[in-house]
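> model the following, please.
(chains A and B)
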Amino acid sequence: AQSVTQPDIHITVSEGASLELRCNYSYGATPYLFWYVQSPGQGLQLLLKYFSGDTLVQGIKGFEAEFKRSQSSFNLRKPSVHWSDAAEYFCAVGPIYNQGGKLIFGQGTELSVKP
Amino acid sequence: GAVVSQHPSWVICKSGTSVKIECRSLDFQATTMFWYRQFPKQSLMLMATSNEGSKATYEQGVEKDKFLINHASLTLSTLTVTSAHPEDSSFYICSARGPGGGEQYFGPGTRLTVT
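Numbers count the residues shown, from 1 in each chain, chains lettered A, B, ... in the order given. Coordinates of the predicted model:
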């Protein structure tokens, strides 16, 4: 069955420090992978997506993610975190075409940024 | 591009009444929309998948008679919470499958409070 695991529920980093959020997935075929960000009381914003091709994808707000098939991972990175990056981050895999095209979401990682 | 709106952004209703939430894709046509429910500090829980012109597909455990979904056009889906009770209070988020067919674009969410 398809699944997404984000091992870290909460991460705190200092402003200016680098960031890596982990995401592992289980999917029977070549996955489409996504990272979304959610600020409190808001909807989700797409940061980046991987469909095929270059395994290092660039997204908005200076984020990037690397698809590693051998490790079933799609970790999100940012070289220098800004205070405004504090939010909830969700990794997702899909669409699951035999289930209406839905996405499978991880549990989310809450990012706090220390000044 | 790929903007999804929701209305209202927040609503307070009395127990036993019904409330309708609208989800619109503003600059693209969405044959498939999704409705989620999110509890504080938790991931999104898919409630149903809505396809234009056909009946919605509900996830296991979601009461279809309580959460009525209509997707009458390629840009509008509605969720009606019927006979609302305090336990229905939650953050409801819709999404629309994007023009590329893989990613989903999310609305800003609707905060429902039932008193």
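> sticking with the most centrally placed residue in chain B, tell me its helix or strand.
Nearest to the mean C-alpha position of chain B, by C-alpha atoms, centre = their mean, lies B:Trp35 at 3.7 Å. Using DSSP states H and E, the element containing B:Trp35 is strand B:32-38.
> tell me the gap between that strand and the middle of its chain.
Here the centre of strand B:32-38 is set off from its chain's centre by 5 Å, with C-alpha atoms, centre = their mean, to the nearest Å.
> paired strands for the very next helix or strand once past it, with orientation please.
Later in the chain than strand B:32-38, the nearest helix or strand by DSSP H and E is strand B:44-51. Using DSSP bridges, the strands paired with strand B:44-51 in its sheet are strand B:32-38 (antiparallel), strand B:57-58 (antiparallel).
> adding mean pLDDT, write those strands out as CSV.
Formatted as CSV, those follow (pLDDT from 0 to 100):
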stretch, mean pLDDT
strand B:32-38, 95
strand B:57-58, 94
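> most packed of those?
strand B:32-38 (a mean of 24; mean count of other C-beta atoms under 10 Å in any protein chain shown). From N, CA and C alone the C-beta is placed, and that goes for glycine too.
> hmm, back to that, who are the contact partners of the residue nearest to the centre of chain B?
Neighbouring residues of B:Trp35 by C-beta atoms under 8 Å, 6 or more residues apart in numbering or on different chains: B:Cys23, B:Leu46, B:Met47, B:Ala48, B:Ser50, B:Phe67, B:Ile69, B:Ser77, B:Leu79, B:Tyr92, B:Ile93, B:Cys94.
> please spell out the PyMOL selection for the buried subset of these.
In PyMOL, this line selects whichever of these come out buried by 16 or more other C-beta atoms under 10 Å in any protein chain shown:
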select buried, chain B and resi 23+46+47+48+50+67+69+77+79+92+93+94
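> quick one: B:Gln29 from chain A, how far?
According to C-beta to the nearest C-beta, to the nearest Å, B:Gln29 stands 15 Å off from chain A.
> and the residue lying closest to that residue once chain neighbours are set aside, what pLDDT?
Nearest residue to B:Gln29 in three dimensions, chain neighbours excluded: B:Leu74, at 3.9 Å (C-beta to C-beta, 6 or more residues apart in numbering or on different chains). With respect to pLDDT, B:Leu74 has a value of 90.
> ok, B:Leu74 - how many residues close by?
Neighbourhood size, B:Leu74 [other C-beta atoms under 10 Å in any protein chain shown]: 15.
> what's the spacing between it and chain A?
As judged by C-beta to the nearest C-beta, B:Leu74 and chain A stand 15 Å apart.
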